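Q: Attaching a predicted model along with its sequence, questions to come.
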Amino acid sequence: MTDTFAEKAKMWDANPQIRALADLFSAELDKIVPDHSGLAILELGCGTGLVGLRYAEKAASLDLVDTSPAMLDVLRAKSEAQAKQVTLHHGTLSTLVGQALATASVDWIISNMALHHVEDIPALIGNLHQLIKPGGRVTIGELEAESGTFHAPEVVPHNGFDPAALSRHFAKGGFIPNKTHTFLTVPREDSDGVTRTYSAFILDATRSPGE
Ligand SMILES: C[S@@+](CC[C@H](N)C(=O)[O-])C[C@H]1O[C@@H](n2cnc3c(N)ncnc32)[C@H](O)[C@@H]1O
C-alpha cells in the first residue's frame, strides 16, 4: 500500500499551520477532559504524535495508531514515545481490534483530521465502539464539509463532514453525541494560489453504557 504521507512526514512538524491546529485541538480536548490522569487513551491517525504525545506522561496507557510508516518513524524518534505506557501501532483499527488492542479497553479515543482519510465511516465507528469501555468517550477534530480544494490535487475519501450528519452516524453506532462545535475558521492559500476559508469542528460522544 502506498504511503501517501511519506513525503509530508518529513516536514510535518515544521509546518506552523499544522502545529497551530494540533495546539487548538489539544486545547479543546483539555476543556472536554480537564484531567486525563490514569486514563487508557488511544489516538487514531496519530501521525507524528503532535497531539497524542501530550498525554503520554499522565495517561495509564497511550496507544497511537496510524497507517503511515513514515509518520510513525518520525513519532518513534521522539523521546516521549519511549515511555513504557506508550505503544505505537501500524495499521487500521479494523486490523488491530481484538488483536493488538483488546475490546472494551479504552477510556478515551481522540483523533485529529484523520476521519476524512477513512473510506468506511460506519465500519470505523463500529471499531471505535468495540474498543471503548461502556461510558467511555471519543473526541474527534475534523474538517467541515468543503468542495475538495483542501487536499487537491490529491483525492481523499471525504471532503470534510457535515457535523450533524457525522453525529447521526455516531448515534446509529451506539454513541450518545455530546456536542459539536466549530473551533477554527481560517483562510489558507491553496496549491492553486487561491485563498479559501476552511473550518474545523469538534465532535464529542460517549459510548452508551448499556450497549
Ligand atoms: C492529516 S494527518 C493528521 C495527523 C495528526 N493527527 C495530526 O494532527 O498531526 C492524518 C493521519 O491519519 C492517518 N490515517 C489515514 N487513514 C488512516 C486509517 N484508516 N487508520 C489510521 N490512521 C490513518 C495518516 O497516515 C495521517 O498520519
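A: Perfect, I can see it now. Predicted, not measured: the structure shown is a model, and the values here were computed from it. Numbering: from 1, shown residues only.

Q: For P16, grab the count of nearby residues.
A: Here the neighbour count serves as a burial measure; for P16 (other C-beta atoms under 10 Å) it reads 7. For every residue, glycine as well, the C-beta is placed using N, CA and C.

Q: Ramachandran angles for it?
A: With angles defined as degrees, to the nearest 10, P16 sits at phi -60, psi -30.

Q: so who does it touch?
A: Residues counted as contacts of P16 (C-beta atoms under 8 Å, 6 or more residues apart in numbering): none.

Q: could you measure it against A22, distance?
A: Plainly put, P16 is 11 Å away from A22 if you go by C-beta to C-beta, to the nearest Å.

Q: Could you do S68 as well?
A: As judged by C-beta to C-beta, S68 and A22 stand 16 Å apart.

Q: Would you mind listing what in the protein touches the ligand?
A: If contacts are counted using C-beta under 6 Å from any ligand atom, the residues of the chain sitting beside the ligand are 5, 18, 22, 44-47, 50-51, 65-68, 71, 92, 112-114, 117-118.

Q: what's downstream of the longest strand anywhere in the chain, the next helix or strand?
A: Under DSSP state E, the strand in the chain containing the largest number of residues is strand 175-189. Note on strand 175-189: by DSSP states H and E, the next helix or strand toward the C-terminus is strand 195-207.

Q: I'd like to know which elements that next one is packed against.
A: Using 3 or more C-beta pairs under 8 Å, 6 or more residues apart in numbering; DSSP states H and E as the contact criterion, the neighbours of strand 195-207 among helices and strands are helix 16-32, strand 132-143, helix 163-172, strand 175-189.
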